[in-house]
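**Student:** Provided below are the primary sequence and the corresponding predicted coordinates.
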Amino acid sequence: MATETPPIHPFVAPLSYLLGTWRGQGEGEYPTIPSFRYGEEIRFSHSGKPVIAYTQKTWKLETGDPMHAESGYFRPKPDGSIEVVIAQSSGLVEVQKGAYNVDKQTITLKSELIGNASKVKETSRGFELVDGKLSYVVHMSTTTNHLQPHLKATLEKL
């Protein structure tokens, strides 16, 4: 088995700035829960195929205890569209579609399907690279609350 990094697939190249490990802190809020802060690490990797593998984990800042984890795939297309599939440690599954902008270094996503969720009805995610830092915002709607901010974080590349 080769240990060399394969060449980046042309579909992945416009988002190659994501590749690597990112770490930072975030905060969460929602009308039904107390606000909270967390540490986070995200890793984007590639295998030479037209997808970017994604893994994410969070932990409590005070104790380092694990909180949330998810993994999936970002599937960029040459026309600027993108599909993202994510499985969360809670059992929730998301299929999101959206677009990326190479010049602005942004990705905007909206859920097409939320699976195995009794309360979550819709999510959206936005990623942006500014001054070398990756930030994101996650919005969520539930059976009792409209689409509104839930999570935001800023991460630095390791």
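**Tutor:** Nice, I can see it.
**Student:** Just list the residues touching Trp59, thanks.
**Tutor:** Going by CB atoms under 8 Å, 6 or more residues apart in numbering, Trp59 touches 38-40, 65-67. Backbone N, C-alpha and C define where each C-beta goes, glycine included.
**Student:** List the ones among the residues you listed that fall in strands.
**Tutor:** When DSSP state E is applied, the contacts of Trp59 are split such that 38-40, 66-67 fall in strands.
**Student:** Tell me which two in the residues you listed are the farthest apart.
**Tutor:** Farthest-apart pair in the ones in strands among the contacts of Trp59 is Glu40 and Pro66; separation 11.3 Å (CB to CB).
**Student:** Compare neighbour counts for these two and give me the winner.
**Tutor:** Per other CB atoms under 10 Å, whichever of Glu40 and Pro66 has more neighbours is Glu40, with 21 against 11.
**Student:** distance of the residue lying closest to that one once chain neighbours are set aside from His68?
**Tutor:** Counting by CB to CB, 6 or more residues apart in numbering, Thr58 is the residue found nearest to Glu40 once chain neighbours are left out, at 4.7 Å. Thr58 sits 5 Å away from His68, going by CB to CB, to the nearest Å.
**Student:** Same question for Tyr38.
**Tutor:** Taken as CB to CB, the span from Tyr38 to His68 is 8 Å.
**Student:** okay, and the common contacts of the two?
**Tutor:** Thr58.
**Student:** Which one's more surrounded, those two?
**Tutor:** Neighbours per residue, other CB under 10 Å: of Tyr38 and His68, the larger number sits with Tyr38, 18 against 15.
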